[in-house]
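A.B. asks: here you go, sequence then predicted model.
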Amino acid sequence: MKRAIPERGSITMFTTVWCGYCARLKSQLRREGIPFTEVDLDAHPEHADFVEEVNGGNRTVPTVLFPDGSAATNPSLAQVRERLAG
């Protein structure tokens, strides 16, 4: 499945409802006003292949997709800001 690259200045975050790290990052992004699109892997398992591909076969969340097409696993808010600014 081809991934839709996020618009400049935003990210796509692959999550699950039970992931505490996901909840923390979503809260931080909202507080900082950083736009994101959330893809819940439990509700949309068809996206799990991408998450596994960028995480060495593991379904690790949160996995973040950036506008440049790169991805990061469980990035900090500072790392997200840095990647969006670069």
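C.D. replies: Right, received. Where do you want to start? Numbers count the residues shown, from 1 in each chain.
A.B. asks: show me what the longest helix along the chain is packed against.
C.D. replies: Across the chain, the longest stretch assigned as helix under DSSP state H is helix 20-32. Using 3 or more Cβ pairs under 8 Å, 6 or more residues apart in numbering; DSSP states H and E, the elements in contact with helix 20-32 are strand 11-15, strand 36-40, helix 77-85. Yep, even glycine has a C-beta here, placed from its N, CA and C like the rest.
A.B. asks: now the longest one: buried residues?
C.D. replies: If I follow you right, that is helix 77-85. Buried residues in helix 77-85, counting neighbours by 16 or more other Cβ atoms under 10 Å, are found at 80, 83-84.
A.B. asks: low pLDDT regions in the chain?
C.D. replies: 1-3 (pLDDT under 70).
A.B. asks: which residue lies farthest from the center of it?
C.D. replies: Here the chain reaches farthest from its C-alpha mean at residue 86, the gap being 17.0 Å by Cα atoms, centre = their mean.
A.B. asks: I'm done for today, thanks for sticking with me.
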